[in-house]
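1. Requesting a structural model of the entry that follows:
(chains A, B, C and D)
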There are 4 protein chains.
Amino acid sequence: MSKYSIILGNLGNTCDRFLSSGYKDELPKETLIRQASEIDGVEGVELVGTWDVSRENVEQVGEMLAKYGLKCVSIIPDHFSQKRWGRGSLSAKDPDIRKQALEYTFECVEMARQLGCKTLNIWPGQDGYDYILQSDLVRERGWLKENIAKVAASAPDINFALEYKPKEPRNYCFMARASDTLLLAKETGLENVGVCIDTGHAFVAGENVAESIVILQEYGRKLFHMHFNDNYGAWDDDMIVGSVHFPVYVETLFWLKETKYAGWLSMDQYPYREDGQGALRESVEFLQMIERRLDDAVMQELRALVSAGDAVKTQRWLRKTFFK
Amino acid sequence: MSKYSIILGNLGNTCDRFLSSGYKDELPKETLIRQASEIDGVEGVELVGTWDVSRENVEQVGEMLAKYGLKCVSIIPDHFSQKRWGRGSLSAKDPDIRKQALEYTFECVEMARQLGCKTLNIWPGQDGYDYILQSDLVRERGWLKENIAKVAASAPDINFALEYKPKEPRNYCFMARASDTLLLAKETGLENVGVCIDTGHAFVAGENVAESIVILQEYGRKLFHMHFNDNYGAWDDDMIVGSVHFPVYVETLFWLKETKYAGWLSMDQYPYREDGQGALRESVEFLQMIERRLDDAVMQELRALVSAGDAVKTQRWLRKTFFK
Amino acid sequence: MSKYSIILGNLGNTCDRFLSSGYKDELPKETLIRQASEIDGVEGVELVGTWDVSRENVEQVGEMLAKYGLKCVSIIPDHFSQKRWGRGSLSAKDPDIRKQALEYTFECVEMARQLGCKTLNIWPGQDGYDYILQSDLVRERGWLKENIAKVAASAPDINFALEYKPKEPRNYCFMARASDTLLLAKETGLENVGVCIDTGHAFVAGENVAESIVILQEYGRKLFHMHFNDNYGAWDDDMIVGSVHFPVYVETLFWLKETKYAGWLSMDQYPYREDGQGALRESVEFLQMIERRLDDAVMQELRALVSAGDAVKTQRWLRKTFFK
Amino acid sequence: MSKYSIILGNLGNTCDRFLSSGYKDELPKETLIRQASEIDGVEGVELVGTWDVSRENVEQVGEMLAKYGLKCVSIIPDHFSQKRWGRGSLSAKDPDIRKQALEYTFECVEMARQLGCKTLNIWPGQDGYDYILQSDLVRERGWLKENIAKVAASAPDINFALEYKPKEPRNYCFMARASDTLLLAKETGLENVGVCIDTGHAFVAGENVAESIVILQEYGRKLFHMHFNDNYGAWDDDMIVGSVHFPVYVETLFWLKETKYAGWLSMDQYPYREDGQGALRESVEFLQMIERRLDDAVMQELRALVSAGDAVKTQRWLRKTFFK
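-> Model prediction:
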């Protein structure tokens, strides 16, 4: 069985542009951490900068994690929730903002070390553009690459998983798809820069997740991290795993195994109006239900099926194998 | 258990714009009919005009159906595969084409009667437009409604199920969504004009199928027919049921029962590169797997779940009820 | 030239789920109103409940509008930005919430009367569902219709423009498309219930705006209001008019004239990172640039073009008529 | 002014899966070539294998092109319109089919040399998969890369432009997006392997064309070829340039100039129901209208605009610069 984790903030309050105060109430951090620890199979959490962790509280957060027996799987630097990053962080047009973003990212490296965490999951959601002819594409994409390279070169003990997403909060984000993000990672020339797949972001990008996994692994073993959720295909709805799709998760877990991915399976949802703990637990249990079935014999059957490529046979096999 | 049927042509050859000769070989009509009859649970077929049935062969087709114990569930008049309909049929700008389309549709009524078939499934795929400012929207939509009303008024013994689809072969089809097609049906003022939902067309339209069912049934009991298939959401891929999505089919069958739909569940796929019979059989078995579970007790559970609306609880229920 | 208006809040701060404090600073209400009045051609504003107007400040807002010579074009009741509406307002599962939503809507009617405003623009964005099998579709859609009918029946002096949008903030909103919203409006049986088209919402719904206009006007003269913006097609990006598309706005204005729409052209944008006044002004000027060209002679040319339907000719005409 | 070309087959008959005999009549090859030569500004044509050119007629085609003063800009090997490629060509599961595809591609190299043509535009549309768990992703993607490398290594005098498209005719094509195709090109390690952007394919992939141009040029000067058309965003509608979008073509031409693209601007459309020659001419004239305006002064203005990134200012500039 893989290692499972969750993003801590998924347990807390969530808002959107219409209901900015959020759909639920704020909970104390320790409650969130305790709730995480109560989900069977979950061994770690990811912490979002500002929201979950900062220089001020990092020690205290570390103690709480220790108390509840949870590892810090990654820190996700806050490159998106502060007004100063509104028009970009590591690739902002304003050199002073870029400098601040760089300094802040170095800070996150320090926090990671303090927490014994090996991964920074970089999601520069504000880095991109909204309108046509709004970005100096060559220079801004260049700044993004250079700044990531600067931090990563200075911290060879930390893995940098670049998380892509085609849009939101910008209409076009620079790290948009698996392959363009892989290209950026490879351009840094650094071994500790790779990519994070969020299944929902991949759906929105029109990608078949399994193929993105294969591309990242075949072109340099660059799959560093996995986020799981589900959506209807057009937007990052951040829903419970399996609430819309089914076979894609079987294929995803199959290729993770085939390509020897050894990282975490982390839940990343936005349960706006649902019980957060329940929503995360259900996702973990859904994936574990599939994973439990993928023993050696079934893996061998799947290898034969993808090799033959007979869709009728495969659909029948899926039905007989997974459904009552 | 519901009544299941298939569209006969799904068993034959299929082509696309790049491989116009088709991916498979042509099979004799009797082979197609025999194959249909061999699928467990399938009691009827739908026949497409020109492709499957015409004035010339209708008697012979009827005899073959009888020989293999199949009902003719619907005739789908060919308003799409002839060069003369290339710029529209019942709503074409050319009055002579509209006249031909009308006459041809009357012919189909006669064929239906000859085959003891109660439904014409009208899919005027060429009626619409490709470019902005290409259609005189008021007049052309008017012609479509008038011509459908003319045929339907003359044949009160036949039900006219209007099948909607947002695009393809036109970039914009006039019968595009459940509700606009219902509006058109209601404007005819005729009881025997209703709507056919194709699940894949509904996905492409961004509809939740269950809600389209409810709209059609609540606003006049106008759900006349159902076509089933699956796709990835952006295009009418016409795939095996359940090969992409799962919970949506549970909800669909639940609301069909709740709204007392008594019509056929018909498979409508395009197994370009697959074994046609196998692809259709798998769809039927997938739906029957769900349907078998929807006994009175489970229906009662589902009523409680939709009434409560707790997504976590419902996802758990789906997992426990349907998966091993 | 048509009457132009804007939604007041577009001039203020805007946030999203990642940057909940917003991308800009809050401005005093009078500044917003003054800025609206400074946009050439803008004669009115729409006010959003809670954000712009409430029982407490309605008189004061009226005075400010008078001071700056602006009409109140519509009130948009706040059915979306309060925690209590998080799981629905007029169709919430909780009867007490439905009652509160109804009472609040009556309040908005009173505010409209106080401001001499003839339209309530109803956008119940929280009314819908996120997950499959989460909604009791028959009952909840029924409550929505009944509650709208209750308010509208009690206020025949006010027009109720129902604004549709396929998703956001719910994954599926009950008022999703032009035609289903028209059906709901017609089911109320009330003359003062109609529909508002937001061009961006129509794009997301896969509609061609002109066809939605024609459907609403032909099936009962039910186009009550128009919101304008632009987007990339998959999401309600709420951008400056003409920043992505062009010909669709020509066709839209053409059919508004042809179907004798006499209402307002109102700008509805979310200029997250842009100067609000500038973004709205640019949209107004873009539409006026087109409208100015649509004199009698050009309207006659357009009638001939849509009647002929020759896309090559029409594209050439668009280029010669609008571009330098 | 750039060099303009067209794909010859765009002038001929076009079909789709419903009307397989096509919407128009077949025209003699010489008529197509003459029509191409009549479009002002068009200096070359692209030839599709099987449809336009084969070993049998290559000499004769060369003579016709000479007679009408047209260059052969590229040959597009037919990896998609023959039954034998129905389940893949260069990456087919069947080793014999792969061998045939390889041999056929070598043949196309010979044809290119005979016609003095420097580019093979490779679009292996059948290489991919339709269903989840249908492809042995590692091996099949590997075969595709190896076979392309084999041909390209053997023909250093020819450029291989790999044309990507997310779907159709397969639900998932292996060459799906700019960046994954660039990765594949780079993995071959060959200088003469690059990428072709089709604007419509990029739209369907959710890409902003200008950013794809920049990625390809910045990561190795790999933009080898450009195809132009327009669509509504969700499907490869292959429409006249500018019939849906406008600013994106300005940005595209700007960045082509900025990144010193020196290749052809080739029209690639499917005018199913339109006059082919007129549809192509209109696209060429639309692009030339923009290009004519991009003189040194305007390029300088655009550089300032993308550097500043003020969308309001840029939209105003676009309106003032291009519209009457």
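
2. Now tell me what touches the helix or strand containing A:R34 from outside.
-> Take DSSP states H and E as the rule and A:R34 turns out to sit in helix A:29-38. With contact meaning C-beta atoms under 8 Å, 6 or more residues apart in numbering or on different chains, helix A:29-38 is reached by A:6, A:8-9, A:11-12, A:42, A:45, A:52, A:57, A:61, A:64-65, A:67-70, A:276-277, A:280. (C-beta placed from N, C-alpha, C; glycine too.)

3. Of those residues, which are in range of chain D?
-> Counting by C-beta under 8 Å from any C-beta of the partner chain, nothing from the contacts of helix A:29-38 sits close to chain D.

4. Now intersect these with the strands, please.
-> Per DSSP state E, strands hold the following members of those: A:6, A:42, A:45.

5. before we move on, back to that, pLDDT of the helix holding A:R34, averaged?
-> Regarding helix A:29-38, the rounded mean pLDDT is 98.

6. which parts of it are buried?
-> Neighbour-count burial for helix A:29-38 flags A:29, A:32-37 (criterion: 16 or more other C-beta atoms under 10 Å in any protein chain shown).

7. which SSE is the residue minimising distance to the centre of chain A in?
-> Nearest to the geometric centre of chain A sits A:H227, at 3.8 Å (C-alpha atoms, centre = their mean). Secondary structure from DSSP H and E places A:H227 in strand A:223-228.

8. circling back to that earlier point, buried only: go through the contacts of helix A:29-38 for me.
-> A:6, A:8-9, A:11-12, A:42, A:45, A:52, A:61, A:64-65, A:70, A:276-277, A:280.

9. coming back round to it: and the helix holding A:R34, how far out from the chain's middle?
-> In terms of C-alpha atoms, centre = their mean, to the nearest Å, the gap separating the centre of helix A:29-38 from the centre of its chain is 20 Å.

10. Contact residues of the stretch 101-250 of chain A facing chain B?
-> Within the stretch 101-250 of chain A, the positions adjacent to chain B are A:206, A:232-234, A:240, A:242-248 by C-beta under 8 Å from any C-beta.

11. switch to 6 Å and redo it
-> Taking C-beta under 6 Å from any C-beta of the partner chain as the criterion, the stretch 101-250 of chain A approaches chain B at residues A:233, A:240, A:243, A:246.

12. Give the helix, strand or coil label for the first one.
-> Spelled out, it's A:G233. coil (DSSP: H, G, I helix; E, B strand; the rest coil).

13. Spatially nearest residue to it (excluding sequence neighbours)?
-> B:G233 (4.1 Å; C-beta to C-beta, 6 or more residues apart in numbering or on different chains).

14. what's the distance between that neighbour and A:S212?
-> In this view, B:G233 and A:S212 are 17 Å apart by C-beta to C-beta, to the nearest Å.

15. Among those two, which residue is more densely surrounded?
-> For B:G233 versus A:S212, neighbours defined as other C-beta atoms under 10 Å in any protein chain shown are more numerous around A:S212 (27 against 20).

16. Was I right to think that one contacts A:H201?
-> No. Judged on C-beta atoms under 6 Å, A:S212 makes no contact with A:H201 at a distance of 9.7 Å.

17. which residues do the two both contact?
-> Shared contacts of A:S212 and A:H201, defined by C-beta atoms under 6 Å, 6 or more residues apart in numbering or on different chains, are absent.

18. Any part of whichever helix or strand A:L162 is part of near chain C?
-> A:L162 belongs to strand A:159-163 when assigned by DSSP H and E. No. Against chain C, strand A:159-163 shows no contacts by C-beta under 6 Å from any C-beta, the least distance being 13.2 Å.

19. Mind checking what helix or strand follows that strand in sequence?
-> Criterion used, DSSP H and E; the element after strand A:159-163 is strand A:172-173.

20. other SSEs contacting that following strand?
-> Applying 3 or more C-beta pairs under 6 Å, 6 or more residues apart in numbering or on different chains; DSSP states H and E, we find strand A:172-173 packed against strand A:128-129.

21. what's the distance between the strand it packs on and the middle of its chain?
-> 20 Å.

22. what helices or strands is that strand leaning on?
-> In this structure, strand A:128-129 packs against strand A:172-173, with contacts taken as 3+ C-beta pairs under 6 Å, 6+ apart.

23. so what strands line up beside the strand it packs on?
-> strand A:128-129 (antiparallel) (DSSP bridges).

24. nearest spatial neighbour of A:V306, skipping sequence neighbours?
-> D:D136 (4.7 Å).

25. Hmm, A:S307 and the one you found touching each other?
-> Yes. D:D136 lies in contact with A:S307 (C-beta under 6 Å); the separation is 5.1 Å.

26. does any bit of the strand holding A:H227 sit next to chain D?
-> No. If you take C-beta under 6 Å from any C-beta as the test, strand A:223-228 misses chain D, and the best it gets is 13.2 Å.

27. Bridged to A:G128, which residues?
-> Bridge pairing for A:G128 (DSSP bridges) gives the partners A:C173.

28. That one and C:I158, how far apart?
-> With C-beta to C-beta as the criterion, A:G128 and C:I158 are 43 Å apart.

29. What helix or strand is the nearest residue to A:A92 once chain neighbours are set aside located in?
-> Nearest residue to A:A92, sequence neighbours excluded (C-beta to C-beta, 6+ apart): A:R98, at 5.2 Å. Following DSSP H and E, one finds A:R98 within helix A:95-114.

30. now do the same end-to-end measure for stretch A:156-168.
-> Stretch A:156-168 has an end-to-end distance of 30 Å (C-alpha to C-alpha, to the nearest Å).
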